[in-house]
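S.K.: Sharing a model that was predicted from the sequence below.
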Amino acid sequence: MTTRRTPLMDISNNDVTSTPVATGSRRKSGRAVKVPEKFVPDAPSSQQGSASAKRKRGGEDAENDASDIDEDEEESDATVESAAEEEVREIRRKAKTTKQPAAKKPKVNGTATHDKEARVKLPARPKKTKKVAIADKSAEGLYADVYTSGEPAEDVAVQWLARYQENNHEALTELVNFIFKSAGCSAQVTIDDINDADNAETRIKDMQDQLQAQQVTDYPLISKAKSGHAFRAALIDFIDSLIKTLHTKGTLYTDIPLMENVHVWLSSMADSSSRPFRHTATLVALVMANSFSKIASGEIEASAKVQRQLEGEKKNKRPNKARLAEFQKKVEKNEKQKAYIESELQGFFNEVYVHRYRDIDPKIRIECVEALGYWITTLPSVFFEGQYLRYMGWMLSDTHAGMRQEVIKQLSKIMKNPANHGQMRHFIERFRPRLVEMATRDSEPSVRAAAVELMDYVRQAGMLEPNDIDTIGKLIFDSEPRVRKALVGFFAESIKDLYDNRIEELGGEEILEDILNPEDEEDLGTPRGAWIRYKCLAESLLSYDDEDQEEMPSQIEAADYLNVSGTESRFTLAAQALYDKVPNLKEWETLAGYLLYDHSAPATGNETERALKDSIKPTEKEELVLLEVLNAVVKVSLTHVHGSEHSKKTKAEIQEAKGNAARHLAGLIPNLLKKYGADPKTATVVLRLEHVLNLGIFEELRQDSTVYAKLLDEISAQFNGHADKGVLSEAGAALLHARGYEELEEVTESRMQSLWDDTTSALRKINKAGEISVRGAMRNKVLTELSHNLARLEQLATISSPVDSLETDAGKGDPLPINIVLDTIARGVFEDSNDEARDALEDEVVLSAIRSAMFYFMWKVKSFIDAVAASDEIPELDVDHLRELQDIFTTNLIAAFSSRSTLDPVRLIGAGVLLDFYILFSTLRPEKNSKAGDAASNENVHLQSLVQEIGPEVQAELTSIFDSLEKQFSKKSKKTLAEPSDDEAPQELESEPEDDSEEDVTASEKQAETLRAEQQLCELAGKLVLAILARVIDVSGELKGKLRHRLQRNRSRLGHNFKEVIAYLDDPKLKGKKSHKSKAQQAADEKKKAVQKSAELVEEDDEEDDPFAELEPEEGTAEDLRRRELLDEEPENENDDAGEGAAGGGEEDDEDMMGD
């Protein structure tokens, strides 16, 4: 059926006579004038007559043409349009078949040829691709029109309204069935059900039972399919278009029973116990309410406009009564429609929203709060009241994080408009404590971030107390980056307020104008306005840092366990977040000038200048904070410079910016070290600046060598002048960074060699001051110097080879530095001195010596491996000397950690280093099945003597340490250990007294202790596993295989980390590759493979089965599942045979399975 469309152009006056003619006073153009010919279909005369008859209308008919057209005229119009469309298609076909270039028309002054004129064609429209929500070929009716036809929602709504006007009962039945179908229900209602509205609840219950009988767990609105979003969008668009169409056509106000029936069915569905019905009906009702609110808002604007016109007409001296009556009629009509719409909105609110805003399904609750926020912003005259806002306040305590976030989002939309602040004041005062709590303590970071953004709007409205501002300001140290990012604007405003107050205290900007704006901007040592901001920033950060941390559980904590933050402190993270928002923070050169300024000098000048200098003087803590800020700002700033290749700058400009930044920073670091190098904390922060310095600039430009040499001199001075581990670590990292550039290697190596010479000479000097191998034989001062010297030696050994320096013979009968280090390890034999401080210092000396010696052996073995790879000859004298050092090291180390009964650092670290030591020398063993390895083995038999095995006594001591760590972790983690097997030693019953101090330990401290115990256990277990795999322990003698079995006893009882460590003991042949299939699929695949394998064996070998072969376990048993690695847990009580078979008997089992 062809329906009437509005013509593209108005052709009622399309003739030559209707075109205005130029008057005589107008100068006539000399060009040929031709009236453009409009497109007129060549229709038959009868059609033309009917079409022209349709245009003759009066004034009232013209206004209401849609309702006054006769059926005959509509049919005539349809015939005219169909004929016109056919002719247009014919013209287009001809144009496609015969494309000839248009001939140029000869122009004559005042005349034009009209022989051959091109026919006017309509412009070709681009074809619109139809968007189909779902691909359902079986869909029909309204459901198909909305989701599968691809037609616009407005057209579908108009078509439905036309069907409704023809037969309202059928159309309404179709609409209700459409809603049921959208909910995933295939059952339908009939016209009789629609006519019997009182029986709607019963009918919905029957359909609900039918849906539940199908055991549907998913419905379209929550479907995770690709079409899920398109389905929801299509449903919302259609419902919105339907209400708009009903409003535009007036059916909404003339056919009241329509919405009454809709209310009955939607309210009943929304109260259903079926979640698909409830969710779909609630969404449809809320979308209808959204459309009503939008229409009501438009009616209010239209009514106000007409009211202004009415008032203006009344003010005229001679008002037009007809216009007054017309305006009055429009005002009454708008008011009547607005009243009806508001009644409909109230009906939806009372019947649907009030019951569903606390629905058990969070998705439905989110739909409700989103709709309420839309109503408040769209129709504030009705919904922007306390009786509706309170629902949002109640939903702030919802258990679902997504719901809380949606409430915050809607409140932010309301508070974003300053015009709403007055009406929101009472709401904010009532719920401000809850909002502050959500911003600071909510469990979800996304909710905290959204709440912080809302509190920024609340702060702009002046509705926050000073205590609330400080509480929220501490979130700048939050552990979540998005929370810190959301707080940036809030925190920047606090800094601005503090800056403004400081300026007012000093007399105002007018008085300080000359001081705050220096004439020479390049002179960074002159006080300026940015310095006051830096002072305010440091004060704010420090005040928030000093407050109690227990109030803010989500803060970044400086924990002493599992330190994974590296060089990022809470201040640097805060500064990185504030980089773009706080004024003058990007100017890191200015900040460095503020830090380098001598604030201790007496203030000079007038009273205002003295007051200004006193106000900007930072404290020591503030200087440390600002150094952290400088570190972060420099890092971000230089990252932006280095990442600006995609900007509009040329390569030369980018290179120049990099060079300037590197030179400025390289010149500032020595000055900062001179001022702040005495304090280890500040020196550590300044040394971190070298890490972000692009030394490649000096390498590329081959200039400023004096600047670079001066920088290395200051770093070396810091290395020699400090014993703090933080300073040594940062200085070592700076030197290692410098060694990465070949052009600068010569300068760097000379500084490194100088450091080695200073360290070894100091070590020889200390050796002469007392017996270095006897604990307690040195004075505290000498012992402290030895501790500092060994700390430097250890750090140097991490970045360069210590072999040459430690093996250099100084003559005069002095021992080699490496021998001094090894003798120092003997001080680890424990003797109680009743002085905890001295014992701690002695242990620190021993640990530094152990680690330094281990680094020496690592570099030494590396040199041997490189020599073997290069086929260089290794003198036997060197091998013998290394074997002697090897024996001294192992003897002293074993004596040190075995003399201790508790799990102190010397015992744990000493045991771990001993295992690393034996594993290290096992790398000298040639690889199996390698011709090159066999040749090397024959040539370097003497070298292989360095590969040794851990003795049984030492293995027993290591097992004892492992037992202690296992018990410690099981006690702290509340895990149960397995009982030892029959051939193992019985477990010792420890009668440890209950520690009364545990009652005062907080939950976070308990967690820290548990994690530390797990780390120690897994670390030692990992080294034992590596030693077993390297065949340096548990490979011979009476204890062969005992350690492997002992490690696997509690494999599945001490957590996943420990389980993964022990998993490396599994035979790789049995373990195989990890499959991504499910366990059921793996079991099926294994079953198929077993059947195929058995069939092949039967075909190949018809002999009898081996009676001594090991029987395979029955399919489906625990042993069968464990063989196929489908069962993670192992039996609690395993005997030795089972343990050895699982660990090392894989190849024998395979041979037995294959038979003879």
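M.R.: Here it is on my side, so go on. Residues are numbered from 1 along each chain as shown.
S.K.: in the stretch 601-750 of the chain, which spans are helices?
M.R.: Remark: helices assigned in the stretch 601-750 of the chain by DSSP state H, counting those that start in this stretch are 607-615, 620-642, 651-676, 680-688, 696-701, 705-721, 725-739, 745-767.
S.K.: What's the mean pLDDT across stretch 289-302?
M.R.: When pLDDT is averaged over stretch 289-302, the result is 91.
S.K.: picking that back up, lowest mean pLDDT across the helices of the stretch 601-750 of the chain, which one is that?
M.R.: helix 696-701 (a mean of 59).
S.K.: about what we covered before: turn the helices of the stretch 601-750 of the chain into TSV, columns for distance to Leu475.
M.R.: C-betas here are computed from N, CA, C, even on glycine. Shown next, in TSV, are the helices of the stretch 601-750 of the chain (distance: least, C-beta to C-beta, whole Å):
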stretch	distance to Leu475
helix 607-615	28
helix 620-642	17
helix 651-676	29
helix 680-688	24
helix 696-701	38
helix 705-721	35
helix 725-739	28
helix 745-767	43
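S.K.: quick one: Arg1051 is in a strand?
M.R.: No. With DSSP: H, G, I helix; E, B strand; the rest coil as the criterion, Arg1051 is coil rather than part of a strand.
S.K.: Thought Lys1059 was touching it, still the case?
M.R.: Yes. Because the distance of 5.7 Å satisfies C-beta atoms under 8 Å, Arg1051 is recorded as touching Lys1059.
S.K.: Between the two, which has more neighbouring residues?
M.R.: Each of Arg1051 and Lys1059 has its neighbours counted (other C-beta atoms under 10 Å); Arg1051 has more, 19 against 16.
S.K.: That one and Ile1062: what is the separation?
M.R.: Note on Arg1051: its distance to Ile1062, by C-beta to C-beta, to the nearest Å, is 5 Å.
S.K.: Could you do Thr377 as well?
M.R.: Taken as C-beta to C-beta, the span from Thr377 to Ile1062 is 60 Å.
S.K.: what's the single longest helix in the protein?
M.R.: helix 275-314 (DSSP state H).
S.K.: If you count neighbours, what's buried in it?
M.R.: Across helix 275-314, burial judged by 16 or more other C-beta atoms under 10 Å covers 275-300, 302-303, 306-307, 309-310, 313.
S.K.: How about stretch 185-194?
M.R.: Buried residues in stretch 185-194 (16+ other C-beta under 10 Å): Cys185, Val189, Asp193, Ile194.
S.K.: ok, of these, which one's closest to Thr976?
M.R.: Set against Thr976, the nearest of the buried residues of stretch 185-194 by C-beta to C-beta is Cys185 (52.0 Å).
S.K.: Nearest residue to the closest one in space, please, no chain neighbours.
M.R.: Spatial nearest neighbour of Cys185, chain neighbours left out: Leu211 (4.9 Å); criterion: C-beta to C-beta, 6 or more residues apart in numbering.
S.K.: What about the one you found, how many residues nearby?
M.R.: 21.
S.K.: Output the below-cut-off pLDDT ranges for the chain.
M.R.: 1-137, 514-516, 518-525, 547-567, 640-649, 696-705, 743, 928-940, 982-1000, 1068-1156 (pLDDT under 70).
S.K.: Check the gap between Asp679 and Gln718 for me.
M.R.: For Asp679 relative to Gln718 (C-beta to C-beta), the value is 11 Å.
S.K.: wait, I meant Ile909
M.R.: 27 Å.
S.K.: Compare the two (neighbour count), which wins?
M.R.: A side-by-side neighbour count of Ile909 and Gln718, using other C-beta under 10 Å, places Gln718 first with 23 against 20.
S.K.: For the more buried one, which residues are in contact?
M.R.: Residues in contact with Gln718, defined by C-beta atoms under 8 Å, 6 or more residues apart in numbering, are Leu673, Gly677, Ala683, Leu687, Val727, Ala731.
S.K.: Mind putting these into CSV with neighbour count and distance to Gly1055?
M.R.: Below are those laid out as CSV (neighbours: other C-beta atoms under 10 Å; distance: C-beta to C-beta, whole Å):
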residue, neighbour count, distance to Gly1055
Leu673, 22, 45
Gly677, 20, 45
Ala683, 23, 40
Leu687, 29, 38
Val727, 24, 37
Ala731, 29, 38
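S.K.: between those residues, which is nearest Val382?
M.R.: Nearest to Val382 among these is Leu687, at 64.7 Å by C-beta to C-beta.
S.K.: I'm done for today, thanks for sticking with me.
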